[in-house]
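Next come a sequence and a model predicted from it.
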Amino acid sequence: MRRFLSRPWLYKAFKKVVVSEKQMERFVAQAIQPEANSRILDIGCGPADIVAFLPSSCAYIGFDANPDYIEDAKRAHPQRKDAFSCQMVKEATLVDPGTWDIVMANGVIHHLDDGEALQLFAIARKALRPGGRLVTLDGVYTPDQSWAARWLISRDRGRFVRTQAEYEDLARQVFDRVEPHVEQDYLRIPYTHLVLTCWNGDEA
């Protein structure tokens, strides 16, 4: 499955099956909350499907460790082809640190061990302007989730799916203000997601 989904066209086909446009729109509206002219940095952007759901006026940069994803993102979004780069999280070179309104890391943290996750949180905080926020989205184990959701999450490509408390503990080592939110229906299949919103300072 890991090799299967590392191919952009297969990953995108799989994603179309499990997530609808309305669900993507709801996730962006509820969790990302982009505004016109927002500056958005996307860590682990994959083929950058989310760009289609952002305001066209947003300043956007995305990076991912998979070169095939990056090439696919450039083909899919030719008007933004210079906005994508192939980088590892730990090797990421920030453009304009301290100026980004939103940093996204969708489906990334559960692929990282604790040390790598802390590096991501530190990179995000360095990137954000005062009052900016990091938004993460990952599969999570919760006591009340269905057996089907737990079974599917246990077979995720990511080897570091955590409990809500474990994700929060990592985020709070870097950010003072962390707001968690559990979602059960961002996909067409049974799945439990944790959204963390991490603020750089107290400004909302």
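Thanks, I have the structure now.

where do the strands sit along this protein?
39-43, 59-64, 84-86, 100-106, 128-141, 162-163, 177-183, 193-199 (DSSP state E).

can you tell me which of those strands comes nearest to Ile153?
Ile153 lies closest, by C-beta to C-beta, to one member of the strands of the chain: strand 128-141, at 4.4 Å. From N, CA and C alone the C-beta is placed, and that goes for glycine too.

List the buried residues in that closest one.
For strand 128-141, a neighbour-count test (16 or more other C-beta atoms under 10 Å) marks 128-129, 132-141 as buried.

now swap in stretch 163-175 and tell me
By neighbour count on 16+ other C-beta under 10 Å, the buried set for stretch 163-175 is 164, 166-168, 170-171, 174-175.

Could you do stretch 178-198 as well?
178, 180, 183, 186-187, 190-198.

Averaged pLDDT, the longest helix seen in the chain. What do you get?
The longest helix of the chain (DSSP state H) is helix 114-127. Averaging pLDDT along helix 114-127 gives 95.

Can you tell me what sits against it?
Contacts to helix 114-127, defined as C-beta atoms under 8 Å, 6 or more residues apart in numbering, come from residues 41, 43, 89-90, 92, 94, 97-100, 103, 105, 108-109, 112, 134, 160, 170-171, 173-175, 198, 200.

List only buried entries from the residues you listed.
Buried residues within the contacts of helix 114-127, counting neighbours by 16+ other C-beta under 10 Å: 41, 43, 89, 92, 100, 103, 105, 108-109, 112, 134, 160, 170-171, 174-175, 198, 200.

Just to check, Ser85 is in contact with Ile70?
Yes. Between Ser85 and Ile70 a contact is recorded at 6.8 Å, counting by C-beta atoms under 8 Å.
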